[in-house]
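[1] Sequence plus the predicted model coming up.
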Amino acid sequence: MKDTSDSSSIDKTLTALDNYVLLGKSGLRVSPLSLGTMGFGTNAETSKKMFDTYYEKGGNFFDTANIYTNGDSERFLGEYISGKRSQCVVATKYSLNPSIGQVLAGEPSGRNPNAGGNHRKNLVETLDGSLKRMGTGYVDVLYVHVWEFRTPIFEVMRALDDVVRSGKAHYVAVSDTPSWVISSANMLADLRGLTPFIGLQTRYNLLNRSLESDLQPMCADFGVGIIPWSVLAEGFLSGKHSRDQIDQDSKRQVHVNSHSRNDRNWQILDEVKAIAKECNRTPAQVAVNWTLQKPGITSPLIGARTMEQLEDNLSALEFTLTEKQMARLDAVSNPKEWPFPTEVATRLETFIGPGLNIEMPKRFHALQNLRTSKL
């Protein structure tokens, strides 16, 4: 990342799509922004333009899942990467039931109890289906989409390791899972010689910084790269909403309405807009740039619906927020309460005393923002 110590740093390029970074404790090179393809399939022409634009700028990290657009996301992505497979890093996921609509409706076609979950049977069948839809023999990264707390950790890690050894996946990662599960899984993998998780996908944005309380230090300790999703808080931070007028043409309208009922969120958005005006940038670019500069972040996930949104998000790489601007965003978004025991970190002077003059190990630097006084 570029130095942000002087006031002119907003004119400096932060990075570029072809300025690749390592994913976790691996040698896999990925772009600093990954392209989410959840919407691929709803508009074939737009989907292709998005892929081409991202790829031609040097982007190589593509994210999909078996359930996205009823499998069309994987089918479209497979078509687009044809002929350039080795240049692309493709990540897909398993765990969620693609027939959940039928399940909730009580239809017979949704009665398969093994069509969802983290267990070996679902892993093998889901991955085979994904590979067939994409027309490829392997995925670069296979995610556990969500932890369902039924399948033993050892079964999951053993099955994932078998998939890697078979060549159907090169690496494994995890999404939306508690830190104690990930740390247990990676410790087990280390002790048993199994393939560990190298990446974590989780929610992270200026409205929700809970990642910093526990998951971020854990990821730093285990060498797990963080791929945050919802970096624009379901579009709330895009700049198209105001206290007087909430844009109703939002794919995540329920979430936007929820965010709008919290005055703190409007204060955050006001600061984002103010800094965007200072930088001659958009609020979305400021929000993404802030995320890129936070400790442990590897490749924020951008999931645009239109070419305009994609270009806007990618332009977040073209400038660097100053230290003062980062500090302003940190201050306005700093949660009033952190979950226990992280909350104790805000009152360490009371318990530790002068020993706090010793600098924290780098993996815990995110916790410094929780402190009430300077180290």
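    That came through, no problem.
[2] Ends of stretch 86-103, what's the gap?
    Distance between the two ends of stretch 86-103: 38 Å, counting by C-alpha to C-alpha, to the nearest Å.
[3] In contact with the closest residue in space to residue 315 that isn't next to it in sequence, which residues?
    Leaving aside its sequence neighbours, residue 315 sits nearest to residue 285 (C-beta to C-beta, 6 or more residues apart in numbering; 5.4 Å). Yep, even glycine has a C-beta here, placed from its N, CA and C like the rest. Residue 285 makes contacts with 276, 279, 312, 313, 315, 316, 318, 319, as judged by C-beta atoms under 8 Å, 6 or more residues apart in numbering.
[4] Against residue 295, how distant is the fifth one?
    In this structure, residue 315 lies at 23 Å from residue 295, with C-beta to C-beta, to the nearest Å as the measure.
[5] higher neighbour count, the two?
    More crowded of residue 315 and residue 295, by other C-beta atoms under 10 Å: residue 295, with 18 against 15.
[6] pretty sure the more buried one contacts residue 216?
    Yes - here residue 295 reaches residue 216: they are 6.4 Å apart, a contact under C-beta atoms under 8 Å.
[7] buried stuff in stretch 305-316?
    By neighbour count with 16 or more other C-beta atoms under 10 Å, stretch 305-316 contains the buried residues 305, 309, 310, 312, 313, 314, 316.
[8] can you pull the contacts of the nearest residue to the last one once chain neighbours are set aside?
    So the one you mean is residue 316. Here the nearest residue to residue 316 in space, its sequence neighbours aside, is residue 288; by C-beta to C-beta, 6+ apart that works out to 3.6 Å. By C-beta under 8 Å, 6+ apart, the contact list for residue 288 reads 33, 231, 232, 300, 302, 313, 316.
[9] repeat that for 10 Å
    Contacts for residue 288 were tallied using C-beta atoms under 10 Å, 6 or more residues apart in numbering; they are 14, 33, 205, 228, 231-232, 237, 281-282, 300, 302, 312-317.
[10] Could you identify the buried members of the residues you listed?
    In the contacts of residue 288, the ones that pass as buried (16+ other C-beta under 10 Å) are 14, 33, 205, 228, 231-232, 237, 281-282, 300, 302, 312-314, 316-317.
[11] Next step: these restricted to strands.
    Of the buried ones among the contacts of residue 288, the ones assigned to strands by DSSP state E are 228, 302.
[12] between the buried ones among the contacts of residue 288, which is nearest residue 142?
    For residue 142, the closest of the buried ones among the contacts of residue 288 turns out to be residue 228, at 19.0 Å, with distances computed as C-beta to C-beta.
[13] and residue 118, which of the three is it?
    Of the three states, residue 118 takes coil under DSSP: H, G, I helix; E, B strand; the rest coil.
[14] Model confidence score at it, please.
    Predicted confidence (pLDDT) at residue 118: the value is 98.
[15] How about residue 215?
    pLDDT recorded at residue 215 is 95.
[16] same check, this time on the one 4 residues further on
    pLDDT recorded at residue 219 is 95.
[17] looking at this, the residue nearest to residue 316 is in a strand?
    No - counting by three-state DSSP, residue 288 falls outside a strand, being helix.
[18] sorry, back to before: let's see which of the contacts of residue 288 end up in helices.
    When helices are assigned by DSSP state H, the members of those inside them are 312, 313, 314.
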